[in-house]
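S.K.: Could you work out the structure for the sequence below:
(2 chains)
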There are 2 protein chains.
Amino acid sequence: MKNSKVRRRTSPSNESDRLSEIYQVAAQIICEKGYDATSMDDIADAVGITKAGIYHYIHGKGEMLFQIMSYGMDRLDRHVIIPAREIRDPEARLRAIIRSHALLIAAGSNNKGNNPITIVTDEVAGLAPAHRRAIEKRKRVYLDLVRETLRELKDQKKLSDVDITVAAFSLFGVMLWLSRWYRPNGRLTREEAANQVSKIALGGLLASRKS
Amino acid sequence: MKNSKVRRRTSPSNESDRLSEIYQVAAQIICEKGYDATSMDDIADAVGITKAGIYHYIHGKGEMLFQIMSYGMDRLDRHVIIPAREIRDPEARLRAIIRSHALLIAAGSNNKGNNPITIVTDEVAGLAPAHRRAIEKRKRVYLDLVRETLRELKDQKKLSDVDITVAAFSLFGVMLWLSRWYRPNGRLTREEAANQVSKIALGGLLASRKS
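M.R.: The predicted model follows:
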């Protein structure tokens, strides 16, 4: 990354690759140092870009935080929410949501215990009010999808006797906590971690089988 | 609180009450503003003490963060860990841990979604290395208690087929996430929230009953 200090004219797709690279690097630094302690200089240094150059891509720290969170929510849309909406059966949909979200989180984990996913959950206080509302709205769409799925399961008598909202948040707790403890070079592969988490989360929600 | 600006000679127990009041107020401000953005002046103002006076109680921000986390861990010891160690049967012990920890978290929640409990989990990066090690060590003691309890349950064939470490962290995820969503003036009482969370967490871990 350090050898890309020279700015080139880039095609739109290179430009968007570059942006997503910058968001990932910035997210990593914010995880390590905290949002308040991170400067635009830190990010420019880590990306290997001039301090002036970084402003070609992002217009300020507040804007950047919003872009990083939007990027995280875009990934959630693409890998979890959109594919889940294609699945008609609520149990299969719930399984797909848990598994794909757990895999997404495990994929973003590093061995230092910093995970950009945690920015979306932990740094909302740093957003300007309009940005905050936009992110909260997207989170709400996801919460609603999970609650609706649980409601369908309840109608099918497949849900254990639990409150749907508590169940949805508990599911988020199990999945999002993965970003705090999962280490890619540890004992479990991403797949194994996602499978275990799915099993535990589903076990807590699905009614015991009669068979 | 604002009317206690005059410093009085206090007895040791008043002194310790005052300290715990300061920690609670400071924890609340840190939750709202973030650790980096919180100044000693903010805390002095909120406690209703002179700026010089606050240093009678705490010697600096880093020290204070450590004291707040230690205070949180002391509460966990008193309300969760010590009572749980008295319980011989692992299933009863696990139920007691989940319930008492969930109640402790719900009790610390306010309606703005800020909970001092989250400081212990979110602000570890702000600690000096020796303090960080001390807090990590105390967290590890708790993790070990939960894992040992799960291991005993596994030996009794009462645990579903899940990895013990993943199960312990998933349990923490469900309980600690409560601090993000629980609102005391919402639909659920503390007791109801703790009961629901216990049910979901235990359902995911305990093997289905044959009877």
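
S.K.: Wait, A:Leu171 touches A:Arg147, no?
M.R.: No. At 10.0 Å, A:Leu171 does not count as touching A:Arg147 under the criterion of C-beta atoms under 8 Å. For the C-beta atoms, the positions are set from N, CA and C on the backbone; glycine is no exception.

S.K.: Between those two, which is the more surrounded one?
M.R.: Remark: of A:Leu171 and A:Arg147, A:Leu171 carries more neighbours, 29 against 16, as counted by other C-beta atoms under 10 Å in any protein chain shown.

S.K.: ok, that one to chain B distance?
M.R.: Using C-beta to the nearest C-beta, to the nearest Å, A:Leu171 is found at 9 Å from chain B.

S.K.: nearest residue to that residue other than its sequence neighbours?
M.R.: Excluding the flanking residues, the one nearest A:Leu171 by C-beta to C-beta, 6 or more residues apart in numbering or on different chains is A:Ala201, at 5.4 Å.

S.K.: for the host helix or strand of the one you found, the distance to its chain's centre please.
M.R.: Using DSSP states H and E, A:Ala201 maps to helix A:190-203. Centroid separation for helix A:190-203 versus its chain: 17 Å, with C-alpha atoms, centre = their mean, to the nearest Å.

S.K.: Would you mind measuring the gap between the ends of stretch A:153-170?
M.R.: End-to-end distance of stretch A:153-170 (C-alpha to C-alpha, to the nearest Å): 16 Å.

S.K.: so how far is it from its chain's centroid?
M.R.: Worked out by C-alpha atoms, centre = their mean, stretch A:153-170 lies 23 Å from the chain centre.

S.K.: List the buried residues for the helix holding A:Ala201?
M.R.: Of the residues in helix A:190-203, A:Arg190, A:Ala193, A:Ala194, A:Asn195, A:Gln196, A:Val197, A:Ser198, A:Lys199, A:Ile200, A:Ala201, A:Leu202, A:Gly203 count as buried by neighbour count, 16 or more other C-beta atoms under 10 Å in any protein chain shown.

S.K.: what sits up against that helix?
M.R.: A:94-95, A:98-99, A:102-103, A:106-107, A:170-171, A:174-175, A:178, A:182, A:184, A:188, B:160-163, B:166-167, B:170, B:203-205 (C-beta atoms under 8 Å, 6 or more residues apart in numbering or on different chains).

S.K.: tell me, what's touching A:Leu171 and A:Arg147 both at once?
M.R.: In contact with both A:Leu171 and A:Arg147: no residue, using C-beta under 8 Å, 6+ apart.

S.K.: Alright, that wraps it up for me.
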